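Student: need a structure here:
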Amino acid sequence: MGVSSMMEREILLPSKHSLTAGMAKLTNESAPEGVGGAQNITYSRFFNGEWSKASTWVPDELSLTITVNGEELVTILCTPLKLNCLVIGFLYSEGIITSISDVTSMRLCEDESLADVRLSKTEHPLPVRRTVTSGCGGAIGFQTQGQKVDSELVVAPAEVLSLMKQLRQQAQLFQTCGGVHTSALADTRHLLVVAEDIGRHNTLDKIQGECLLRGLSTRDRLLLTTGRLSSEMVLKAARMQTPIVVSRSSPMERAISLASDLGITLVGYARSHRLSVYSGEKRLLGR
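Tutor: Next up, the predicted model:
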């Protein structure tokens, strides 16, 4: 079914409309009724030898197909929050766009299953269509080359741990239902952009997209996440030119090697009063 045959709405872009209007759609339109990104369900519970009925919140999962200039590009399994940020961020991280000015319009169909993006360059060649699962960014991303990150940013371990504490406090969807990842872009003191999704890679694309829509720089910042650090996460950080990536979980071997090659500081197991640095330790004060 073509895009033109569906009920749809146009996403406002800051290049054509006021930033305030664009951000209203960015933060609110994708949220379902009740708790944004979650649904309330009834289930059967067995406890202390007895069965009972109970209700709880569980994460929403959406299959979102992105088309570019009318051609299918990718289907992403995601949480239906900040979908315009996800689309823009994905296109940027995969090298399909280089700035928000490359996008002339973006329309989202009524059931949020299809996002149609129009680019100013109609002759832009697109990669072969693929599906990206919620658990990982797909087997291999379209964009496989990372840019080396050159930054003089340094941060104290105490500042990193303080930022991770802020990340936990702002993980609203996770606090409601669990089952999602939370990531943030931060300076050395405060979180600047926060995103939650069932896919950890999606959270970085949402952050990238929101920064493009709001005109925020991702250079000389920190990326914080609750998810495992894969090589694709490192490539996305390199595309954002973000020199420090921090997780409360574990990095993978290829991610460590890639981060070292690209000049990215990789920090794992950042919890409570401890953290582990796997590459680029010179950016941690006191080393």
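Student: for Tyr43, what are its contacts?
Tutor: Tyr43 makes contact with Lys53, Ala54, Ser55, Thr56, according to CB atoms under 8 Å, 6 or more residues apart in numbering. C-betas here are computed from N, CA, C, even on glycine.
Student: most neighbours of all these, which one?
Tutor: Thr56 (14 neighbours; other CB atoms under 10 Å).
Student: what helix or strand is that one located in?
Tutor: Secondary structure assigned from DSSP states H and E places Thr56 in strand 50-59.
Student: how far does the following helix or strand past that strand sit from the chain's center?
Tutor: Toward the C-terminus, strand 50-59 is succeeded by strand 62-68 as the next helix or strand (DSSP H and E). Chain-centre distance of strand 62-68: 15 Å, with CA atoms, centre = their mean, to the nearest Å.
Student: buried residues in the helix or strand just after strand 62-68?
Tutor: Once the chain leaves strand 62-68, the next helix or strand it forms, by DSSP H and E, is strand 71-78. Buried residues in strand 71-78, counted by 16 or more other CB atoms under 10 Å: Leu73, Val74, Thr75, Ile76, Leu77, Cys78.
Student: report all helices and strands that strand 71-78 contacts.
Tutor: If you count contacts as 3 or more CB pairs under 8 Å, 6 or more residues apart in numbering; DSSP states H and E, strand 71-78 packs onto strand 62-68, helix 83-93, strand 130-132.
Student: which one of these lies closest to Asp220?
Tutor: Closest of those to Asp220 is helix 83-93, at 18.1 Å (criterion: CB to CB).
Student: so which residues make contact with that closest one?
Tutor: 11, 25-26, 30, 62, 64, 66, 68, 74, 76, 78, 97-98, 100, 103, 106, 108, 112, 115, 117, 141, 143, 195, 197, 202, 204-210, 212-213, 235-236, 239-240.
Student: so for it, mean pLDDT?
Tutor: Average pLDDT, helix 83-93: 96.
Student: same deal with stretch 69-79?
Tutor: Mean predicted confidence for stretch 69-79 is 94.
Student: can you show me the CA trace of it as CSV?
Tutor: Extracted as CSV, the C-alpha positions of stretch 69-79 are listed here (Å, rounded to 0.1, in the frame of the first residue of the first chain):
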residue,chain,number,x,y,z
ASN,A,69,11.8,9.3,-1.9
GLY,A,70,9.1,6.5,-2.2
GLU,A,71,11.6,3.6,-2.0
GLU,A,72,11.6,1.2,1.0
LEU,A,73,14.8,1.5,3.0
VAL,A,74,14.5,-0.4,6.3
THR,A,75,12.1,-1.7,8.9
ILE,A,76,13.0,-0.9,12.5
LEU,A,77,11.5,-2.6,15.6
CYS,A,78,11.2,0.2,18.1
THR,A,79,9.3,1.9,20.9
